[in-house]
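Participant: Got a predicted model here, sequence first, then my questions.
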Amino acid sequence: MSTDQNKFQAIISHCKEYGFVFQSSEIYDGLSAVYDYGQYGSELKKNIKDYWWKSMTQLHENIVGIDAAIFMHPTTWKASGHVDNFSDPMIDNKDSKKRYRVDHLIEAYAETLPEAEGNAVLAQMDELLKENDFAGLKTLIEEKKISCSVSGTSNWTDVRQFNLMFSTQLGSVTDEASEIYLRPETAQGIFVNFLNVQKTGRMKVPFGIAQIGKAFRNEIVARQFIFRMREFEQMEMQFFVRPGTQKEWYEKWKEERMQWHLSLGTDPSKYRFKDHVKLAHYADAAVDIEFDFPIGFKEVEGIHSRTDFDLKQHQEYSKKKLQYFDTEINQNYVPYVIETSIGLDRMFLLTVCNAYEEQDLSTPEKADSRVVMKFPAKLAPIKLAVFPLTKKDGLPEAAQLLVNECKQYFHCYYEEKDSIGKRYRRQDAIGTPFCVTVDHQTKEDGTVTIRYRDSMEQERVPLTEVKNIVLSKIM
Ligand code: GAP
């Protein structure tokens, strides 16, 4: 199975070295599967968020956004099925006491096999998971002699279910009634607000509600950097449709979401759809959009046909009607829902992996190389770097004037230290698409050198044109 662990490790190191991602509370040796975004990471993340938000809300007249609280009434999670069903089959190694998610354990084993053999094991696992056949899963692990990476033994407990929700106490009294959960998905904040938004926004089915926010899952085997975290962010949209039209809308959103990914200029061969074998408790159809990460093809986004499951459940548990009167057909109904759900952190990881390139620029005369982050200009943390050629002759002042003009419109960076070549390399490493050098000629004819990150080509352009050149590439 083709993975490139070295490249993945290099990307993780690069993310730390250049202020994209840090381990949470690193000075205390970190907290497993929890990460902080640094000065460039937080900009990149915000740009991805804005790109999604704009494409979902501003560009769709029938989709609006909300921002619901992380804490919700505990009955929400009973109604949604998460209290009873949001669990994964786990197995413990009796010698090391290490706990594994069964599918992750088998997947890791399959990756060590030749492709055909690995796929056969995965197909067997999928079948057993679909049937909830826990004894069968244990037998598969034992038959294949899959061992624990810590103890090296195959001394396993039975397979058991383990709920992934974090809980905490509301108020000062510790009793069962005050136990609340940190939401494991943002979707439920949308479902419980369905009527609020529909009525106050005078929304007509079909319409959507979008939301970006934190979600929390007590992932047992949290690994692979920010791919699987315990605290992460989701960008979700629930699209409410007339019952009977869900198949059509499911196909439409599948297509539209793939187009969103491709609109960022990514090579289409790096994406694929993967239908779910085992459907979540709320879905009648589901597909993942997978990306070819250095660690293999993995899920970035899910599109789920959630039926009327959630609204009906909330109706039953809250005893409040969650229905819509469709004036076109003179009927009251509980709408069906198509959900698009993408992990913001996973999209961040995708963007970083897709952008990262190590280039050998050596010539017969001189050894040279660079690491360049080829971010789409729209997403790049810094859009324009401005360098005075020297620290004197009024060049810094002229460069600062350009920064002051442009910073109202996009993020700029000013730097006067080191050679221009070194300054270019630093900007390449954080993915700045445009660098401008102000030199002595600028004072004579009002032109500057603009250097393009990907081609490394340089040209002279009027200083007064710089802002528009950059704006035309990032809008
Ligand atoms: N509301 C549906 C839902 O939550 P999901 O497939 O469990 O569906 C949706 O999650 C997306 O959230 C995934 O495609 C993934 O991008 C992201 N995601 C889920 N768990 C994650 C985790 N532990 N760390 C980072 N991202 C995660």
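Facilitator: Cool, the structure landed.

Participant: distance between the ends of stretch 400-420?
Facilitator: End-to-end span of stretch 400-420 (CA to CA, to the nearest Å): 16 Å.

Participant: Use 591 as the first number for this chain going forward.
Facilitator: Got it, the first residue is 591 from now on, which makes the last one we talked about stretch 990-1010.

Participant: domain assignment for the chain?
Facilitator: The chain breaks down into these domains under automatic domain parsing: 602-662+766-942, 972-1064.

Participant: Quick one, which of these gets closest to Ala706.
Facilitator: domain 602-662+766-942 (15.7 Å; CB to CB). Backbone N, C-alpha and C define where each C-beta goes, glycine included.

Participant: Tell me the gap between the closest one and the middle of its chain.
Facilitator: Offset of domain 602-662+766-942 from its chain centre (CA atoms, centre = their mean, to the nearest Å): 9 Å.

Participant: Figure out the length between the terminal residues of that domain.
Facilitator: Domain 602-662+766-942 has an end-to-end distance of 9 Å (criterion: CA to CA).

Participant: returning to that earlier point: any chance of CSV for the domains of the chain, columns mean neighbour count and distance to Ser739?
Facilitator: Shown next, in CSV, are those (neighbours: other CB atoms under 10 Å; distance: least, CB to CB, whole Å):
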stretch, mean neighbour count, distance to Ser739
domain 602-662+766-942, 18, 10
domain 972-1064, 17, 33
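
Participant: and of those, who's closest to Ser744?
Facilitator: The minimum distance between Ser744 and these falls on domain 602-662+766-942, with 17.2 Å, by CB to CB.

Participant: low-scoring pLDDT stretches of this protein, where are they?
Facilitator: 591-593, 763-767, 811-812 (pLDDT under 70).

Participant: Tell me which residue of it lies closest to the ligand.
Facilitator: Nearest residue of the chain to the ligand: Gly933, at 2.5 Å (CB to the nearest ligand atom).

Participant: Which strand residues bridge that residue?
Facilitator: Beta bridges link Gly933 to Gln824 when assigned by DSSP bridges.

Participant: hang on, the earlier thing: Serialize the domains of the chain to a markdown table and add fields for distance to Asp950.
Facilitator: Below are the domains of the chain laid out as a markdown table (distance: least, CB to CB, whole Å):
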| stretch | distance to Asp950 |
| --- | --- |
| domain 602-662+766-942 | 17 |
| domain 972-1064 | 13 |
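
Participant: is it true that the residue of the chain closest to the ligand touches Glu826?
Facilitator: No. Between Gly933 and Glu826 there is no contact under CB atoms under 8 Å: 9.8 Å.

Participant: what sits against Leu760?
Facilitator: Neighbouring residues of Leu760 by CB atoms under 8 Å, 6 or more residues apart in numbering: Phe661, Ser768, Glu769, Ile770.

Participant: mind running it again at 10 Å?
Facilitator: Phe661, His663, Pro664, Ala767, Ser768, Glu769, Ile770 (CB atoms under 10 Å, 6 or more residues apart in numbering).

Participant: Select from those residues every entry located in strands.
Facilitator: Among the contacts of Leu760, DSSP state E puts Glu769, Ile770 in strands.

Participant: Pull up the overlap in contacts between Gly933 and Glu826.
Facilitator: Joint contacts of Gly933 and Glu826 (CB under 10 Å, 6+ apart) are Ala805, Glu891, Gly892.

Participant: I figured the residue of the chain closest to the ligand was touching Ala805, is that so?
Facilitator: Yes. Between Gly933 and Ala805 there is a contact at 8.7 Å, judged by CB atoms under 10 Å.

Participant: Find the residues that touch each one of those two.
Facilitator: Taking CB under 10 Å, 6+ apart as the contact rule, the neighbours common to Gly933 and Ala805 are Met819, Phe822, Glu823, Gln824, Glu826.

Participant: picking up where we left off before, in the contacts of Leu760, find the pair that's most separated.
Facilitator: Of all pairs drawn from the contacts of Leu760, the greatest distance, 14.6 Å, lies between Phe661 and Ala767 (CB to CB).

Participant: Provide the secondary structure category for Ala700.
Facilitator: Under DSSP: H, G, I helix; E, B strand; the rest coil, Ala700 falls in the helix class.

Participant: Contact residues of this protein facing the ligand?
Facilitator: Proximity of the chain to the ligand (CB under 6 Å from any ligand atom) is limited to residues 775, 777, 807, 809, 818-819, 822, 824, 826, 889-892, 929, 931-933, 935-936.

Participant: Could you rerun that using 5 Å?
Facilitator: Counting by CB under 5 Å from any ligand atom, the chain comes close to the ligand at 775, 777, 807, 809, 818-819, 822, 889, 892, 931, 933, 935-936.

Participant: Any chance of the residues you listed in CSV with secondary structure as columns?
Facilitator: Below are those laid out as CSV (three-state DSSP):
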residue, secondary structure
Glu775, coil
Ala777, helix
Arg807, coil
Glu809, coil
Arg818, coil
Met819, coil
Phe822, strand
Glu889, strand
Gly892, strand
Ser931, strand
Gly933, strand
Asp935, helix
Arg936, helix
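
Participant: Enumerate every residue touching Arg847.
Facilitator: Ser645, Met827, Phe863, Val877, Ile879, Val890, Glu891, Gly892, Ile893, Thr930, Ser931, Ile932.

Participant: swap the cut-off to 6 Å and go again
Facilitator: Going by CB atoms under 6 Å, 6 or more residues apart in numbering, Arg847 touches Thr930.

Participant: Next: Phe915.
Facilitator: Asn922.

Participant: and it, what helix or strand is that in?
Facilitator: Under the criterion of DSSP states H and E, Phe915 resides in strand 914-916.

Participant: That strand pairs with which strands?
Facilitator: Assessed with DSSP bridges, strand 914-916 is paired to strand 921-923 (antiparallel).

Participant: Which residues does the partner strand contact?
Facilitator: So strand 921-923 is in contact with Pro833, Gln913, Phe915, going by CB under 6 Å, 6+ apart.

Participant: Looking at those residues, spot the one nearest Ser959.
Facilitator: For these, with Ser959 as the reference and CB to CB as the criterion, the closest is Pro833, at 58.6 Å.

Participant: For that closest one, which non-adjacent residue is closest in space?
Facilitator: In this structure, Pro833 finds its nearest non-sequential neighbour in Tyr926, 5.0 Å apart by CB to CB, 6 or more residues apart in numbering.

Participant: Please consider this matter closed, and thank you.
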